[in-house]
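Visitor: take a look and give me a structure for this.
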Amino acid sequence: MRPLLSFIMVVAILGGVQLYMTHRPRVVAYQAEPDAVAEGEFRLEVTLSFAAGPDPFALELEDAPSLLVLFRGQPVLHRTNAIPGGQVIVSDPVDGIVQGQNEFFVQATCANDASLTANAIRVRILRDAVVIAEQTFWSEPGEAIQGALNVTVPPESSAEATVQE
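Guide: Okay, the predicted model is just below:
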């Protein structure tokens with residue numbers, strides 16, 4: 001009786017896999033509509049409360065970023081030199097911002113003298129010279145600052161965007 005039950009279970013499993021494989025190509029894949037590009041001129045401003053410098057422990061020191069901002073996986077800002085505190089760093093224009101959800105990843109490494117205190121980065125997104133999103137990221141003493149700024153951009157250039165934390 002047990003061998004017969006084992007044989008029935010094997011046939012049921014392999015039959016189920018065969019049925020799945022034959023019906024799988026018939027399923028139409030969901031195709032999302034392309035994102036509508038938001039209107040207006042977008043600008044990114046980053047202000048550091050500390051002196052930033054490249055990570056001295058990076059494997060490739062000449063390419064180690066002191067400040068890195070990514071949008072859709074592509075660098076918007078990539079600085080490898082030392083950056084003094086209080087300086088506003090601007091990326092103008094920022095292309096590819098779409099209506100709806102957008103995410104910016106921000107990372108900065110403290111210079112040796114700034115690593116003993118808590119530090120901050122202020123990130124602002126401007127649309128046609130109007131601030132639509134602003135967020136401040138903080139670090140613990142001795143740690144690099146990193147975070148994601150999620151911005152929902154409305155279709156109209158006069159409407160304000162929302163920041164999602």
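Visitor: contacts and neighbour counts: CA atoms only from here.
Guide: Noted.
Visitor: ranges for the helices of the protein?
Guide: 2-23 (DSSP state H).
Visitor: show me the shaky parts of it.
Guide: Applying pLDDT under 70 to the chain picks out residues 25-34, 59-62, 113-115, 157-165.
Visitor: ranges for the strands of it?
Guide: Assignment of strands within the chain using DSSP state E yields the ranges 42-48, 67-71, 74-79, 88-91, 100-108, 120-127, 130-138, 145-153, 162-164.
Visitor: looking at the ones you listed, which is closest to Y20?
Guide: strand 100-108 (35.1 Å; CA to CA).
Visitor: what lines up beside the closest one in the sheet?
Guide: Strand pairing for strand 100-108, using DSSP bridges, gives strand 67-71 (antiparallel), strand 145-153 (antiparallel).
Visitor: any idea which of these gets closest to P93?
Guide: Taking CA to CA, strand 67-71 is the member of these nearest to P93, at 12.6 Å.
Visitor: mind exporting that closest one as PDB, just the C-alpha atoms?
Guide: Output in PDB follows, covering the C-alpha atoms of strand 67-71 (Å, rounded to 0.1, in the frame of the first residue of the first chain):
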ATOM      1  CA  LEU A  67      29.600  62.800  -0.500                       C
ATOM      2  CA  LEU A  68      27.300  60.600  -2.600                       C
ATOM      3  CA  VAL A  69      23.700  61.200  -3.700                       C
ATOM      4  CA  LEU A  70      22.000  58.600  -5.800                       C
ATOM      5  CA  PHE A  71      18.800  58.900  -7.700                       C
END
